[in-house]
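In: just a sequence and a predicted model for now, questions to come.
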Amino acid sequence: MVRRRGRDPIVVLLAMLRLTFSLPVVRKMMSYLDYRIDGGYVVDYVLRELANEKVSGCGVAHLYAFFLKSLIKVFVALTNSDYSVVEKAFRDPAIRRGLALVIRGLARYGVTVPQRLPAP
C-alpha cells in the first residue's frame, strides 16, 4: 500500500474555496469571475491559465490567476500537499468544469448548505 503525503488536493482546494468565499470582501472581489467575456466565463479562463494553457483575450484572467495560484499554494503548503498534483488535476477539463461551476455558485450565492449551483 502506498501512502500519500497530505490530503487529497481536490478536497483541499474545495475546502479552501469554501473558506475563502465565506468572507464578504473576498466574495465581492471574486464575483467578477462570474462575468462572461468573449463567450466564456472569466473563471474558465483563469482555470485554463492555472493548468498552464495559453490564454488570450482576457486580461482580467491573468490577474485573478496570479491571486488564485498564490492562494492555492498557501493552502497546499498548510496541508503538506504537493502543488504539482493540483496543477495536474487542473489539466483535466472535467475537473475544471466542475470547479468553475462551484466557483460560480459560490460567487453568486455565497456559502450555502446544501450548496446552490448555477447549473441547469
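Out: The structure has been received and is ready for your questions.

In: only C-alpha atoms for contact and neighbour calcs from this point on.
Out: Fine.

In: check which helix or strand covers residue 16.
Out: For residue 16, the element it lies in under DSSP states H and E is helix 9-21.

In: what count of nearby residues applies to residue 103?
Out: Using other CA atoms under 10 Å, residue 103 is surrounded by 25 other residues.

In: now for the helix or strand containing it, which elements pack on it?
Out: Per DSSP H and E: residue 103 is located in helix 93-109. For helix 93-109, the elements it packs on are helix 9-21, helix 24-30, helix 42-50, judged by 3 or more CA pairs under 8 Å, 6 or more residues apart in numbering; DSSP states H and E.

In: where does the chain have low pLDDT?
Out: Residue ranges of the chain with pLDDT under 70: 1-7, 13, 17, 120.

In: could I get the contacting residues of residue 54?
Out: With contacts defined as CA atoms under 8 Å, 6 or more residues apart in numbering, residue 54 is in contact with residue 48.

In: where's it relative to residue 112, distance?
Out: To residue 112, residue 54 is 34 Å away according to CA to CA, to the nearest Å.

In: same thing with residue 32?
Out: 19 Å.

In: if you count surrounding residues, which of these two has more?
Out: The neighbour comparison of residue 32 against residue 112 (other CA under 10 Å) goes to residue 32, with 18 against 12.

In: and the more buried one, what is it in contact with?
Out: Going by CA under 8 Å, 6+ apart, residue 32 touches residue 42.

In: likewise for the one 4 residues further on?
Out: Under the criterion of CA under 8 Å, 6+ apart, the contact list for residue 36 reads residue 42.

In: in the sheet, who's paired with it?
Out: In this entry, residue 36 is beta-bridged to residue 41, by DSSP bridges.

In: from residue 101, how far off is it?
Out: 13 Å.
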